[in-house]
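[1] Here's my sequence, what's the structure:
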Amino acid sequence: MRPLISDPPVKLPSLSSEGQIPRHLLSSQQFSASAAKMSPSGPFQVTVHPFESKCRSSAAYEIGLTSAPNAIVFIGGLTDGPHTIPYTRLLAQRLEEVKELGFSVIEFRMRSSFSGFGTSSLSNDVEDISALVKYLRGIGKEKIVLFGSSTGCQDCIEYANYAKHNNEPVDGFVMQGPVSDRETLDLIFPDPQPSLDLAAKMISEGKGGDCMPFDMIPAVLGAPISAYRFQSLASKGGDDDYFSSDLPDDVIERNWSRFNKPVLVLHSAEDEFVPERIDQAASNKKYKALNSAVSRLSGLIPGASHTVDQPQAQEWLSKTVIEWLKTEVTSSAD
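    Reported below is the predicted structural model:
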């Protein structure tokens, strides 16, 4: 989950003190995504792939080795869309240096992209991703890996529930920055219960798709939020609640048992959206223990913020992903 730039600046009247806002996010009582990251500068080339999906005028944008037989499909977090995460271009460049792997990087628009997340769902995301995977298979892509960042990690786990969605299978998953949106909201929205009660009431009245009043949702979200999506993100056991530290062990085990293809889990070591009480190393170790499909290369990205804005951390990430592709994806049998 990342803050959305707002115009005019978003004020936070619902917070009682600046101490409730993580210092990495605080900037004169407003949140600015642009201040938090150093995006690559200068023009770059993409190959645009229009394809059919429920997202109006959907298109995918391929960068790097565009003749590649394989593809990494990148899925960002809340407020993200094509080209909003800085390390995708570096990863594509590094993949061009190992042409024998044959991977390009593909970003695309979903119904939940940018501010659309507030009125969408993980199920919608799975439909949109599956439509792209079907298109990529149709043009001859062989190995397809889903790469989720932040809430995109939730999409990965949801996508792996093939029995539920009857969606197009893929050949591997990368999860970078898997964090609990519910526990992140605890940092900036200390008393969510009145809002959760309202969301539950709206859903019970058949109004789950209606948007919550703005004074009942965290201003940092910066977008209209439906009652359903707020409950999904902020309630224990909500549809988005895959990474909270207080989930029952049997629920966690059931979620991670879905994977039957290689999985790489990379937490950000200095993730500003993770409460200090959360032990990310322990979570990473648990995921590896739950399913042998989770790679031994999984771990914490040294010095990395939530979206891996640091150049050295981006290089570490790219190197690790490439090693994983070499040893566990391209070498595995179909």
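[2] which intervals of this structure have sub-threshold pLDDT?
    Residue ranges of the chain with pLDDT under 70: 1-41, 333-334.
[3] Where do the strands of it begin and end?
    Assigned by DSSP state E, the strands in the chain fall at 47-50, 59-64, 70-75, 103-108, 144-149, 172-176, 263-268, 299-301.
[4] Give me the residues contacting the second one.
    If I follow you right, that is strand 59-64. Outside strand 59-64, the residues that touch it by Cβ atoms under 8 Å, 6 or more residues apart in numbering are 44-51, 71, 73, 82-83, 88-89, 91-93, 95-96, 103-109, 132, 135. In this view, the C-beta of every residue, glycine as well, is placed from N, C-alpha and C.
[5] now do the shortest one
    Among residues not part of strand 299-301, those counted as contacts by Cβ under 8 Å, 6+ apart are 176, 266-269, 280-281, 284, 308, 313, 316-317, 320.
[6] quick one: buried residues of it?
    Neighbour counts over strand 299-301 (16 or more other Cβ atoms under 10 Å) mark 299, 300, 301 as buried.
[7] just these now: which is nearest residue 197?
    residue 300 (36.7 Å; Cβ to Cβ).
[8] partner residues bridging that closest one?
    Beta-bridge partners for residue 300, by DSSP bridges, are residue 267.
[9] my read: residue 143 touches residue 172, true?
    Yes: if you go by Cβ atoms under 8 Å, residue 143 and residue 172 touch, sitting 7.4 Å apart.
[10] any common contacting residues for the two?
    Contacts common to residue 143 and residue 172, judged by Cβ under 8 Å, 6+ apart, are residue 329.
[11] Tell me the residue in this protein that is farthest from the middle.
    residue 205 (30.6 Å; Cα atoms, centre = their mean).
[12] what about it, distance to residue 229?
    16 Å (Cβ to Cβ, to the nearest Å).
[13] for this protein, longest helix please?
    helix 122-138 (DSSP state H).
[14] Only the buried subset of the contacts of strand 299-301, as a PyMOL command please.
    Buried residues among the contacts of strand 299-301 (16+ other Cβ under 10 Å), as a PyMOL selection:
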select buried, resi 176+266+267+268+269+280+284+308+313+316+317+320
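[15] so can I have a markdown table of the contacts of strand 299-301 showing distance to residue 199?
    Formatted as a markdown table, the contacts of strand 299-301 follow (distance: Cβ to Cβ, whole Å):
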| residue | distance to residue 199 |
| --- | --- |
| 176 | 29 |
| 266 | 32 |
| 267 | 29 |
| 268 | 29 |
| 269 | 34 |
| 280 | 29 |
| 281 | 33 |
| 284 | 31 |
| 308 | 32 |
| 313 | 36 |
| 316 | 39 |
| 317 | 36 |
| 320 | 39 |
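[16] who's in contact with residue 321?
    72, 91, 147, 174, 264.
[17] Can you redo these as a markdown table, where the extra columns are neighbour count?
    Output for these, formatted as a markdown table (neighbours: other Cβ atoms under 10 Å):
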| residue | neighbour count |
| --- | --- |
| 72 | 25 |
| 91 | 25 |
| 147 | 26 |
| 174 | 29 |
| 264 | 25 |
